[in-house]
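# Dropping the sequence and predicted coords here.
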Amino acid sequence: MLFNNPSADSTDIDGVQTTIALSNDDTEITGEGAVYKDGVVTISSAGTYTLSGTLDDGQINIDVQKGESVVLILNG
């Protein structure tokens, strides 16, 4: 699913509402459905994830079941 309008209501997506604050030193995840280990954030549940901060040498891995929706909100 792609939202072309930044004001589109992504809260209609079933699943978790999680905030991920990326940092080279200590990435902080508030909510469920994602884990951080060794420079890799793995999202494993349907839902909406708001990402902020920077991660110079890392990855965002999305590993959900077929048919589940994940919305990423990139918040610089």
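Structure received.
# need the helices for the chain, in chain order.
Applying DSSP state H to the chain gives no helices.
# How about Leu72, nearest residue that isn't a chain neighbour?
Leaving out its chain neighbours, the residue that sits closest to Leu72 by C-beta to C-beta, 6 or more residues apart in numbering is Tyr49, at 5.5 Å. Heads up, the C-betas are built off the backbone N, CA and C, glycines and all.
# My guess is the one you found contacts Glu32. True?
No: Tyr49 is not in contact with Glu32 according to C-beta atoms under 8 Å; the separation is 10.5 Å.
# What count of nearby residues applies to the residue nearest to Leu72?
By the criterion of other C-beta atoms under 10 Å, Tyr49 has 25 neighbours.
# pLDDT wise, what is it at?
Listed pLDDT for Tyr49 reads 96.
# Find the residues that touch each one of Tyr49 and Glu32.
Val16, Thr18 (C-beta atoms under 8 Å, 6 or more residues apart in numbering).
# Lovely, talk soon.
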